[in-house]
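Asks: Curious how this folds, go ahead:
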Amino acid sequence: MKQIIIPALPRPTLAELKKKYSWIKSIERDTSETKEVKLSLISVLKKGEDYISGKEYEKRMPKGLLGFQHLEWFIEHQSEFPELLEQANDNNFWYIDFLGLVVVLDSGRRCVPYGCQNGKRWYAYWHWLSSGFGQYGRVAVSGQVAKPRTLGSSRNLDSLGLVKRVAELEKWREKVEKIIKIQ
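Replies: This next block holds a predicted model:
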């Protein structure tokens, strides 16, 4: 599967969240990444486990968590990486938790955003953190973005602005290849 690079995105404010989800009372924490990230999916289950409780889930939370802003971007851009849906279906996972943001509801329950697929596309939802984590889930974390190679002395591709241009050209090439295959 090709790398899915999510651009630098700001964390949502409480006002922005409440505008969409009036039942959110507060933000308990938002430790989500704000820099450009490579989407990586992991499981926090140990060998032989099918499920862990919410309490254990919180103990196992990894570093580099992605949050609500990443989920929104992911949903909006999902047509750019259909192979992820194929991978989910092949590897039998249905949802991806974006644990960087934890909100508190009017009821006092704590929720996290997650993406869930139905075999055809991904949708954004919220679920109780206390629900735990099962074998059909993955956690969205920041993977290592491939570092550009250096050119000559200390100049590198990134300082020349070429990394972004190469990525844009790669996307364009993929679109052209799809058009050629259709014809």
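Asks: got the contact list for stretch 69-88?
Replies: The contact list for stretch 69-88 (CB atoms under 8 Å, 6 or more residues apart in numbering) reads 1-2, 4, 6-7, 9-12, 32-33, 37, 39, 94, 96, 98, 100, 113-115, 117, 119-124, 140, 171. From N, CA and C alone the C-beta is placed, and that goes for glycine too.
Asks: Now, those residues that are in strands?
Replies: The members of the contacts of stretch 69-88 that map onto strands under DSSP state E are 6, 37, 39, 96, 113-115, 117, 122-124, 140.
Asks: Those residues, buried ones only, as a PyMOL selection?
Replies: Buried residues among the ones in strands among the contacts of stretch 69-88 (16 or more other CB atoms under 10 Å), as a PyMOL selection:
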select buried, resi 6+37+39+96+113+114+115+117+122+124+140
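Asks: Show me the domain layout of the chain.
Replies: 5-146, 148-183 (automatic domain parsing).
Asks: Which one of those domains has the poorest average confidence?
Replies: Among those, domain 148-183 carries the lowest mean pLDDT, a mean of 54.
Asks: Please tell me how far the residue nearest the centre of the chain sits from residue 120.
Replies: For the chain, the residue nearest the mean C-alpha position is residue 140 (4.5 Å; CA atoms, centre = their mean). According to CB to CB, to the nearest Å, residue 140 and residue 120 sit 20 Å apart.
Asks: Likewise for residue 97?
Replies: As for residue 97, its distance to residue 120 is 21 Å (criterion: CB to CB).
Asks: between these two, which one's more packed in?
Replies: Comparing residue 97 with residue 120 by other CB atoms under 10 Å, the one with more neighbours is residue 97, at 24 against 7.
Asks: Identify the residues contacting the more buried one.
Replies: 112-114, 133, 137-140.
Asks: follow-up on the earlier one: in the sheet, who's paired with the residue nearest to the centre of the chain?
Replies: Legend: beta-bridge partners of residue 140 under DSSP bridges are residue 41.
Asks: Distance of it relative to residue 20?
Replies: In terms of CB to CB, residue 140 sits 19 Å off from residue 20.
Asks: Now do the strands in this structure.
Replies: Under DSSP E, the chain gives strands at 5-6, 24-30, 37-42, 51-52, 95-97, 101-105, 110-117, 122-128, 133-134, 137-143.
Asks: would you list these in CSV and tack on distance to residue 76?
Replies: Listed next are the strands of the chain as CSV, based on distance: least, CB to CB, whole Å:
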stretch, distance to residue 76
strand 5-6, 11
strand 24-30, 20
strand 37-42, 13
strand 51-52, 30
strand 95-97, 15
strand 101-105, 17
strand 110-117, 11
strand 122-128, 10
strand 133-134, 25
strand 137-143, 15
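Asks: tell me the contacts of residue 52?
Replies: By CB under 8 Å, 6+ apart, the contact set of residue 52 is 44-45, 60, 132-133.
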